[in-house]
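Asks: below: sequence and its predicted model.
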Amino acid sequence: MRIVPSLHHRIEPPEGRRCPSGVGSLDAALAGGLRGGCVHEIYAAEIGDAAAAAGFAVTLATGMAGTDRGTMWLRARRAQGPADCVQANGWAELGGAPDRAVVGVVSDRVMLLRAAVDALRSAALGAVIMESWGAMPELDLSASRRLALAAEKSGVPLFLLRCDARAVPSAAQTRWEVAAAPSRALPGNAPGQPAFDITLLRQKSGPCGLAWRLEWDRDQRQFRE
């Protein structure tokens with residue numbers, strides 16, 4: 001969400017804290033910002049929106065990780081989709097720190113879930129992203145609860161990046177649908193800032209069904225509506 005140097009200087013360990021986005025209506029819906037130590041699901045609206053969903057996950061994970069903690073991106077080798085390459089340059093273009101990121105590729109989805117639980121137990125990490133494509137029967141309600149418990153104990157948030165998949169019951173704190181949105185051209189018709197259409201599909205103990213169009217300012221490291 002919002003990532004500004006002043007915030008990083010006063011940032012506390014992620015247990016239970018909330019990371020504001022900089023957009024008042026969004027932060028109000030989230031009772032102050034996205035909550036740490038929880039599972040947050042991010043669904044691509046369509047297959048073609050996978051890159052947008054991944055970019056949105058990077059911005060959220062960067063905000064939660066702060067300046068002194070790393071981010072781990074986990075994926076299964078047999079379940080990679082068409083956009084199966086995480087680019088460090090793209091990560092940096094979004095204001096992230098790829099030098100503090102680790103990409104882990106495991107053999108299958110069972111190992112993916114185990115690796116996610118293990119990663120969430122590491123106090124050295126500020127956030128974990130777990131990417132999956134298509135239906136994932138292994139990620140049932142019991143597995144989701146194990147992930148949520150691990151996140152709660154460590155305070156490390158988990159972002160479940162789901163592409164070409166339908167939402168199923170889970171223990172996630174929030175569930176988002178993300179689609180790419182047209183950006184506003186800069187002076188000289190230069191390419192504009194990344195833009196996302198996001199919908200809060202579900203939230204525990206909070207409003208849902210709300211939608212925003214957000215623009216990401218990598219220099220200010222915050223969203224604008």
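Replies: Right, received. Where do you want to start?

Asks: for Leu160, pull up the helix or strand it's in.
Replies: Per DSSP states H and E: Leu160 is located in strand 158-163.

Asks: with just CA atoms, put stretch 42-62 into CSV.
Replies: Extracted in CSV, the C-alpha atoms of stretch 42-62 (Å, rounded to 0.1, in the frame of the first residue of the first chain):
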residue,chain,number,x,y,z
ILE,A,42,-5.5,-11.5,-5.1
TYR,A,43,-7.4,-12.8,-8.1
ALA,A,44,-6.7,-11.8,-11.6
ALA,A,45,-10.1,-10.8,-13.2
GLU,A,46,-9.1,-12.5,-16.5
ILE,A,47,-6.0,-14.4,-17.6
GLY,A,48,-4.8,-11.3,-19.4
ASP,A,49,-4.9,-9.5,-16.1
ALA,A,50,-2.3,-11.8,-14.5
ALA,A,51,0.5,-9.2,-14.9
ALA,A,52,-1.7,-6.5,-13.3
ALA,A,53,-2.6,-8.8,-10.4
ALA,A,54,1.1,-9.6,-9.9
GLY,A,55,2.0,-5.9,-10.0
PHE,A,56,-0.6,-5.2,-7.4
ALA,A,57,0.7,-8.0,-5.2
VAL,A,58,4.2,-6.5,-5.5
THR,A,59,3.0,-3.0,-4.3
LEU,A,60,1.2,-4.5,-1.3
ALA,A,61,4.1,-6.7,-0.3
THR,A,62,6.6,-3.9,-0.7
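
Asks: can you give me the buried ones in that stretch?
Replies: 42-45, 49-62 (16 or more other Cβ atoms under 10 Å). (Glycine included, C-beta is placed from N, CA and C.)

Asks: tell me the centre residue of the chain?
Replies: Ala57 (2.8 Å; Cα atoms, centre = their mean).

Asks: hang on, that residue in a strand?
Replies: No - per DSSP: H, G, I helix; E, B strand; the rest coil, Ala57 lies outside any strand segment and is helix.

Asks: brilliant, that's me finished.
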